[in-house]
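J.: Mind folding the following:
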Amino acid sequence: MEQTNQISQCQHLWARNKYLVLSHSSNIYNEIRQYLKNEEVELSLVQEMIDCACHIPEHRGQVCNAFQHIWGYFKKKATETERKDYMFLLERYHSGHATKEELIAKTRELLERYPNAYLQNSSLLKGDSHETLA
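T.: Below is the predicted model of the structure:
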């Protein structure tokens with residue numbers, strides 16, 4: 001029973017932080033995904049891997065990758081104009097002509113039009129530096 005609770009807590013922590021981790025390191029993102037497939041997991045280890053990823057400086061390519069994953073939640077709902085605007089902003093960000101905050105703001109605008117509880121709880125979109133166990 002304790003391990004079931006531990007798995008649930010790990011999955012909840014991961015759900016909040018997966019795009020934040022992806023914006024720093026696709027390798028650690030994949031490591032955590034693989035780790036969570038185990039029958040026994042430890043919340044403290046997942047938190048440690050999240051913290052490790054967050055200490056890696058963000059790379060524009062990684063951040064774009066994370067926001068492209070996030071776009072997947074909107075692609076069937078958003079208009080063609082919204083898609084073009086989002087992709088243009090991603091390109092501007094990638095080339096250094098837009099900020100991550102602009103990407104977050106644009107994504108939040110989409111979330112207002114197309115609510116998604118999963119994304120609304122994402123630490124990347126909330127602007128949290130990163131979640132902790134405290």
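
J.: what does stretch 9-28 contact?
T.: 29, 32, 36, 41-43, 46-47, 49-50, 52-54, 56-59, 62-63, 65-67, 69-70, 118, 121-125, 128, 130-131 (C-beta atoms under 8 Å, 6 or more residues apart in numbering). For every residue, glycine as well, the C-beta is placed using N, CA and C.

J.: State the mean pLDDT of the helix or strand that contains residue 69.
T.: If you go by DSSP states H and E, residue 69 is part of helix 60-71. For helix 60-71, mean pLDDT is 97.

J.: C-terminal to that helix, what's the next element?
T.: Sequence order places helix 80-94 as the next helix or strand after helix 60-71, per DSSP H and E.

J.: Any chance you could list what contacts that next one?
T.: 60-61, 63-64, 67-68, 71, 74-75, 78, 98-100, 102-103, 106, 110.

J.: Following element in sequence after that helix, please.
T.: Following helix 80-94 toward the C-terminus (DSSP H and E): helix 100-113.

J.: I'd like to know which elements the helix or strand following that next one is packed against.
T.: Per DSSP H and E, the first helix or strand lying C-terminal to helix 100-113 is helix 117-120. With contacts taken as 3 or more C-beta pairs under 8 Å, 6 or more residues apart in numbering; DSSP states H and E, helix 117-120 sits against helix 100-113.

J.: No further queries at this time; thank you.
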